[in-house]
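Q: No sequence on hand, only this structure:
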């Protein structure tokens with residue numbers, strides 16, 4: 001894993017710290033993995049420790065973990081076709097007690113999200129195609145696709161931030 005930047009030294013003593021300070025971000029992580037299924041769990045494990053330590057969305061960690069795993073799996077399997085020469089990039093930004101945003105980018109050709117929805121692929125719970133998208137949308141507050149579908153942006157707000 002590379003490019004970890006944390007503004008809270010207590011979250012991970014092995015992280016490299018950025019000199020750039022941000023008032024709104026407690027945790028900033030930029031990382032990548034090779035397009036191998038086996039690379040997903042180690043990255044998710046390290047990211048989840050940082051996310052839990054940042055307390056950006058307390059009590060929502062399991063939702064974030066599930067959506068993150070689905071986004072990474074889609075990027076590795078569907079986006080990069082499990083080609084180990086390609087990479088999947090992850091950008092995570094946490095604001096303590098407020099929200100988390102995660103961007104997962106693959107090096108594939110992308111897909112037409114609107115066409116996938118209009119063809120009803122994601123409405124069949126038994127279908128292999130679209131299940132990950134359904135889960136991401138169910139567990140995150142916002143999910144959108146950019147870069148012709150090769151980049152997914154997800155956001156989850158803290159329950160306390162939603163009430164205020």
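A: Received the coordinates, thanks. Keep in mind the model is a prediction, meaning the values are calculated, not measured.
Q: for whichever helix or strand residue 132 is part of, what is the average pLDDT?
A: Applying DSSP states H and E as the criterion places residue 132 in helix 131-139. Across helix 131-139, the average pLDDT comes to 90.
Q: Span of stretch 130-147 from start to end?
A: Distance across stretch 130-147, first residue to last, is 18 Å (Cα to Cα, to the nearest Å).
Q: how about that stretch: buried residues?
A: 130, 131, 132, 133, 134, 135, 136, 137, 139, 140, 143, 145 (16 or more other Cβ atoms under 10 Å). C-beta: built from backbone N, CA, C; applies to glycine.
Q: Kindly indicate which of these lies nearest residue 160.
A: residue 140 (17.1 Å; Cβ to Cβ).
Q: How about the secondary structure of residue 144?
A: Secondary structure, DSSP: H, G, I helix; E, B strand; the rest coil: residue 144 is strand.
Q: The closest residue to it other than its chain neighbours: how many residues sit nearby?
A: Nearest non-adjacent residue to residue 144, counting by Cβ to Cβ, 6 or more residues apart in numbering: residue 153, 5.1 Å away. The tally of other residues near residue 153 (other Cβ atoms under 10 Å) stands at 18.
Q: Equivalent analysis for residue 151, please.
A: 19.
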